[in-house]
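>>> A predicted structure for the sequence below; I have some questions about it.
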Amino acid sequence: EDQVTQSPEALRLQEGESSSLNCSYTVSGLRGLFWYRQDPGKGPEFLFTLYSAGEEKEKERLKATLTKKESFLHITAPKPEDSATYLCAVQAGDGQNFVFGPGTRLSVLP
Amino acid sequence: SAVISQKPSRDICQRGTSLTIQCQVDSQVTMMFWYRQQPGQSLTLIATANQGSEATYESGFVIDKFPISRPNLTFSTLTVSNMSPEDSSIYLCSAGTGGEPQHFGDGTRLSIL
């Protein structure tokens, strides 16, 4: 069975304090790994797709990396507006469905 | 990327009634999905809505409770039937194609009294 775990469950950072969020997965043939950001009262907002180990994607203060067992979302010099829940999802084999992790609630304090 | 609109955005319903949630996509998409998200928790897939065929339900979700329609490539509905307080949740619609990211609506916040 495909599984996704995320750590930490919650993270509080001071503005400018860089850190990383982890997404560990067990899947029968990875088709894609997806990172989303979810703000309260909103649906998940797509951030990145990673397809193969060694791949990296960047967007502003965020950088996502992928290995064969996990993905990291690195946040460099975060700002309060980066506060949100970050969700990781995997898509396996030739399937269409996503399996979501439980998410990491990030709070960035000014 | 596709823009997803859901209606209603929230509702408060009486026990035993049914509510139909609408999901509209601004472009034609192959796959549409319905999720449930309990407060503070992650997303659980209810079913995949296939145009021209029956929806595919995940374990623990049945058609009698969550009937789904997919009349064309831009629209789908999810009905929550015979509601009980346990059905209070956020219901999310998404659209995507295999290997590509799914894009989400802002969800329907449902409370059952």
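Done, it's in.
>>> alongside chain A, which residues does chain B contribute?
B:1, B:4, B:31, B:33, B:41-45, B:48, B:58, B:92, B:94, B:96, B:98-107, B:109 (CB under 8 Å from any CB of the partner chain). Any C-beta I mention is one placed from the backbone N, CA and C, and that applies to glycine too.
>>> now, which of those residues lie within helices?
With helices defined by DSSP state H, no entry of those lies inside them.
>>> run through the bridge partners of the residue minimising distance to the centre of chain B.
The centroid of chain B falls nearest to B:Trp34 when counting by CA atoms, centre = their mean (3.4 Å). Note on B:Trp34: beta-bridge partners by DSSP bridges are B:Ala47, B:Cys93.
>>> isn't it right next to B:Ala49, touching?
Yes - counting by CB atoms under 8 Å, B:Trp34 does reach B:Ala49; the two are 6.6 Å apart.
>>> whatever residue of chain A ends up closest to chain B: what's it in contact with?
Closest residue of chain A to chain B, CB to the nearest CB: A:Gly43 (3.5 Å). Neighbouring residues of A:Gly43 by CB atoms under 8 Å, 6 or more residues apart in numbering or on different chains: B:4, B:92, B:94, B:104-107.
>>> where does the prediction get shaky in chain A?
By pLDDT under 70, chain A contains no weakly predicted segment.
>>> which parts of it sit against chain B?
A:31-32, A:34, A:36, A:41-46, A:49, A:51, A:87, A:89, A:91, A:94-98, A:100-103.
>>> can you flag which of the residues you listed belong to strands?
A:31-32, A:34, A:36, A:45-46, A:49, A:87, A:89, A:91, A:98, A:100 (DSSP state E).
>>> of all pairs in those, which one is the farthest apart?
For these, the maximum inter-member distance is 20.9 Å, found between A:Arg31 and A:Glu45 (CB to CB).
>>> before we move on, the earlier item: among the ones in strands among the residues of chain A next to chain B, name the buried ones.
Buried by 16 or more other CB atoms under 10 Å in any protein chain shown: A:31-32, A:34, A:36, A:46, A:49, A:87, A:89, A:91, A:98, A:100, out of these.
>>> and the buried ones among the residues of chain B next to chain A, selectable in PyMOL?
To isolate the buried ones among the residues of chain B next to chain A in PyMOL, judged by 16+ other CB under 10 Å, type:
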select buried, chain B and resi 4+31+33+42+43+44+45+48+92+94+96+100+101+102+103+104+105+106+107+109
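>>> give me the subset of the residues of chain B next to chain A that lies in strands.
B:4, B:31, B:33, B:43-45, B:48, B:92, B:94, B:96, B:103-104, B:109.
>>> and which of the ones in strands among the residues of chain A next to chain B is nearest B:Ile68?
A:Phe98 (17.3 Å).
>>> name the nearest residue to the closest one, sequence neighbours excluded.
A:Ala89 (4.2 Å; CB to CB, 6 or more residues apart in numbering or on different chains).
>>> thought the one you found was touching A:Val4?
Yes - counting by CB under 8 Å, A:Val4 is a contact partner of A:Ala89 at 6.8 Å.
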